[in-house]
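In: Just to be clear, the model below is a prediction. Sequence and coordinates:
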Amino acid sequence: MSPTSSPPNIVIATRESRLALWQAEHVQALLQARGHAVQLLGMTTQGDQILDRSLSKVGGKGLFVKELETALQEGRADIAVHSLKDVPMELPPGFALACVMEREDPRDAFVSPAYASIDALPQGAVVGTSSLRRQVLLQALRPDLRIEPLRGNLDTRLRKLDDGQYDAIVLAAAGLKRLGLGSRIRATFEPAAMLPAAGQGALGIEVCADRQDLIDALAPLADQTTWLTVAAERAVSRAMGGSCSMPLAAHGTLAGGTLQLDAAWGDPDGRAPLVRARASAAVATLAQAEALGLAIAQQLQDGGARGAAPTAHQA
């Protein structure tokens with residue numbers, strides 16, 4: 001097949017949660033509108049199966065993508081659609097991030113049946129999240145709250161909240177909005193108060209690196225502004241050895257060719273203060289975006305943030 005020819009049929013590997021299926025069906029519709037025949041291959045991943053332990057203790061968010069990558073490698077699927085914040089900072093050899101799509105709202109959402117905002121929560125209220133990033137940022141905002149683990153897909157998390165196991169939970173606003181559940185959002189955290197995770201709100205499409213036909217077919221779906229921004233965010237995390245066991249946030253905004261990048265690192269044990277960093281630069285290429293991310297990572301480390309040696313296929 002020549003690099004300019006279109007694949008006759010595209011199979012999308014996807015997790016079977018409602019949000020993952022929405023994401024895959026969204027990509028399916030966009031590709032079909034461009035004349036491609038597209039099918040879905042639903043799969044259950046290890047990350048979906050292990051719900052009694054935090055991701056940081058069982059292998060990280062890479063557990064959500066490994067089975068999908070195996071399907072690509074074996075030829076059972078052609079592309080995999082991911083929430084970009086779930087994609088490891090270093091892809092395994094032979095795989096490529098072929099497309100980053102336009103970002104949905106990157107902010108975190110406060111969800112509660114009884115309280116309008118985090119400020120309205122009483123002292124000692126129970127807030128659910130299994131994200132170490134959210135944990136340290138919530139503790140910085142309200143050290144009097146009880147932060148408890150929360151696992152499961154989006155519907156499971158909302159059900160646990162509605163069953164009274166938590167006074168409030170914190171979720172990505174993007175997932176709620178994509179599933180038509182925006183009405184469940186009582187308040188959104190502005191990035192200045194609750195800095196998002198690297199890549200939050202963006203969708204990434206993974207392929208085998210040698211499938212130039214797919215890379216070409218996916219190119220029209222890419223959003224360059226989002227891609228440059230998340231490249232900088234992910235570079236921060238990669239340089240810090242970021243994984244689910246690291247409470248690290250990184251968020252950028254690109255306007256007029258200038259990318260402003262903010263990052264934060266926290267100590268989940270509360271022994272060290274929250275470390276923040278900010279820088280901006282003219283950015284027009286992925287290399288420039290990643291260079292800004294590296295500079296921010298150095299700022300964090302200079303401020304006392306403790307990184308980890310990066311390993312392949314980290315989340």
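Out: Okay, I see it.

In: Only C-alpha atoms from now on, for both contacts and neighbour counts.
Out: Fine.

In: what ranges do the strands span in the stretch 1-150 of the chain?
Out: Using DSSP state E, counting those that start in this stretch, the strands of the stretch 1-150 of the chain run over 10-15, 38-43, 79-83, 95-100, 108-111, 126-128, 146-148.

In: Please spell out which residues along the last one are buried.
Out: Of the residues in strand 146-148, 146, 147 count as buried by neighbour count, 16 or more other CA atoms under 10 Å.

In: so for the next helix or strand after it, what's the average pLDDT?
Out: Where DSSP states H and E defines the elements, the next helix or strand beyond strand 146-148 is helix 154-162. When pLDDT is averaged over helix 154-162, the result is 94.

In: which residues are in contact with helix 154-162?
Out: Contact with helix 154-162 is made by 19, 112, 113, 150, 151, 166, 167, 168, 169, 175, as judged by CA atoms under 8 Å, 6 or more residues apart in numbering.

In: Just the buried residues out of the residues you listed, in PyMOL syntax.
Out: Remark: buried members of these, expressed as a PyMOL selection using 16+ other CA under 10 Å:
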select buried, resi 19+112+150+151+166+167+168+169+175
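
In: thinking again about what came up before, mean pLDDT and distance to residue 248 added to the strands of the stretch 1-150 of the chain, as CSV?
Out: Shown next, in CSV, are those (pLDDT from 0 to 100; distance: least, CA to CA, whole Å):
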stretch, mean pLDDT, distance to residue 248
strand 10-15, 95, 25
strand 38-43, 94, 29
strand 79-83, 95, 17
strand 95-100, 96, 21
strand 108-111, 98, 14
strand 126-128, 97, 18
strand 146-148, 95, 17
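
In: need these in JSON lines with distance to residue 270, can you?
Out: Shown next, in JSON lines, are the strands of the stretch 1-150 of the chain (distance: least, CA to CA, whole Å):
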{"stretch": "strand 10-15", "distance to residue 270": "35"}
{"stretch": "strand 38-43", "distance to residue 270": "38"}
{"stretch": "strand 79-83", "distance to residue 270": "29"}
{"stretch": "strand 95-100", "distance to residue 270": "35"}
{"stretch": "strand 108-111", "distance to residue 270": "22"}
{"stretch": "strand 126-128", "distance to residue 270": "17"}
{"stretch": "strand 146-148", "distance to residue 270": "13"}
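
In: so where do the helices sit in the stretch 51-200 of the chain?
Out: In order along the chain, the stretch 51-200 of the chain carries the following helices (DSSP state H, counting those that start in this stretch): 55-58, 66-73, 132-141, 154-162, 173-178.

In: Among those, which comes closest to residue 276?
Out: helix 132-141 (11.1 Å; CA to CA).

In: Can I get that closest one in CSV, CA atoms only?
Out: C-alpha atoms of helix 132-141 as CSV (Å, rounded to 0.1, in the frame of the first residue of the first chain):
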residue,chain,number,x,y,z
LEU,A,132,-2.6,11.6,43.6
ARG,A,133,-2.5,14.9,41.6
ARG,A,134,-6.0,15.7,42.7
GLN,A,135,-5.3,14.6,46.3
VAL,A,136,-2.3,16.9,46.8
LEU,A,137,-4.1,19.9,45.2
LEU,A,138,-7.3,19.3,47.2
GLN,A,139,-5.2,19.1,50.4
ALA,A,140,-3.6,22.4,49.5
LEU,A,141,-7.0,24.0,49.0
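
In: Show me which positions of it end up buried.
Out: By 16+ other CA under 10 Å, the buried positions in helix 132-141 come out as 132, 133, 134, 135, 136, 137, 138, 139, 140.

In: got it, and stretch 266-279?
Out: For stretch 266-279, by 16+ other CA under 10 Å, it's 266, 267, 268, 274, 275, 276, 277, 278.

In: now the end-to-end length of it.
Out: For stretch 266-279, the first-to-last residue distance is 19 Å (CA to CA, to the nearest Å).

In: low-scoring stretches of this protein, by residue?
Out: 1-7, 45-64, 242-245, 307-315 (pLDDT under 70).

In: Work out which residue lies at the spatial centre of it.
Out: residue 85 (1.6 Å; CA atoms, centre = their mean).

In: thinking that residue is in contact with residue 199, fair?
Out: Yes. Using CA atoms under 8 Å, residue 85 is in contact with residue 199, at 4.7 Å.

In: circling back to that earlier point, could you identify the most distant pair in the contacts of helix 154-162?
Out: Distance extremes for those: the farthest pair is 19 and 167 at 23.5 Å, using CA to CA.
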